[in-house]
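Novice: The following comprises the amino acid sequence and a computationally predicted model.
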Amino acid sequence: LEEQVQRAERLALAGELAAGLAHEIRNPMMAVKGFAQLLREEITPAEQSEYTDIIIKETARMNRLIEELLTFARPPASGVGPTDINTVVADSLLLIEPKAARSGIELVRSFAPNLPMVKVDGERFKQVLINVLINASQAVDSDGEIRIRTFFDFADRTVRVSVADTGVGISPENIGKLFDPFFTTKDGGTGLGLSVADRLMASWGGKILVDSTLGQGSVFTLALPALEGDKDEQE
Ligand code: ADP
């Protein structure tokens, strides 16, 4: 039954995104059509290469949108079950380390020992975390820093991962739009990452908290209810 509920939620999410996607794909599609028609006219080689570049860029954008939608419409990779958050964080960091090193970004980590387990789809949760980490790395300059910390919050008994960057920060007017599907400030961004991440977290009973100061940096905190009794909770 749980599997059926999850399937239904997944399809609902995909359906909701598909409606927005149709809209988002129409613009690049019209651009591709328009510039392809222009290529037929008598144009200079410089114009030809400009129009071709636009067509390639717009096609790539459509492809990213579809890829991102499919990532979440596909059945979960590992299924929902008790998961050790420190392991997921360590795995996610392994994947972004090379990119961070190349960009000169320092990754500072601190893991709380003996955290309780959480109930999530580990592979999906990894996608959520990687998304937040990539956003952080895109927000910081080459001398920037990203601090990743796992800890237990005794107030609401959640296991948390916080990702703090020393990046560009987010304006107060944009903070409220972060989780809207297709909201992006990036050239070539899809604006799907956080909206999907937020829904996935909610489907596991968790949430994403954001704290940001424009020009100083942002903290994204992923909070999940602790599965009690799996491990003791001393820090
Ligand atoms: P995308 O990365 O494709 O733009 P997301 O949904 O992941 O889509 O992010 C939406 C927007 O939220 C970004 O375009 C950016 O403006 C803002 N954002 C997300 N994370 C950060 C961050 N760490 N620092 C600054 N802005 C961020």
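Specialist: Sure, I can see it.

Novice: what packs against the lengthiest helix in the chain?
Specialist: Assignment by DSSP state H gives helix 2-39 as the longest helix of the chain. The contact analysis (3 or more CB pairs under 8 Å, 6 or more residues apart in numbering; DSSP states H and E) places helix 2-39 against helix 45-73, helix 193-203. Where you see a C-beta, it was placed from the backbone N, CA and C, and this is true even at glycine.

Novice: If we use 7 Å, what do you get?
Specialist: Judged by 3 or more CB pairs under 7 Å, 6 or more residues apart in numbering; DSSP states H and E, helix 2-39 is in contact with helix 45-73.

Novice: and the helix it packs on with the ligand, contact?
Specialist: No - using CB under 6 Å from any ligand atom, helix 45-73 stays clear of the ligand, coming no nearer than 8.1 Å.

Novice: what's the angle between that helix and helix 2-39?
Specialist: Calculated by axes from the mean of the first three to the mean of the last three CA atoms, to 10 degrees, helix 45-73 forms an angle of 170 degrees with helix 2-39.

Novice: residues in contact with stretch 57-68?
Specialist: Leu21, Glu24, Ile25, Pro28, Met29, Ala31, Val32, Gly188, Thr190, Leu192 (CB atoms under 7 Å, 6 or more residues apart in numbering).

Novice: how many other residues sit next to the spatially closest residue to the third one that is not a sequence neighbour?
Specialist: Spelled out, it's Ile25. The shortest distance from Ile25 to any non-neighbouring residue, by CB to CB, 6 or more residues apart in numbering, is to Met62 (5.4 Å). Met62 has 18 neighbours, counted by other CB atoms under 10 Å.

Novice: again with Val88
Specialist: Val88 has 22 neighbouring residues, counting by other CB under 10 Å.

Novice: and if you look at the one 4 residues further on?
Specialist: Other residues near Ser92 come to 23 when the count uses other CB under 10 Å.

Novice: How about it, nearest residue that isn't a chain neighbour?
Specialist: In this structure, Ser92 finds its nearest non-sequential neighbour in Leu129, 4.5 Å apart by CB to CB, 6+ apart.
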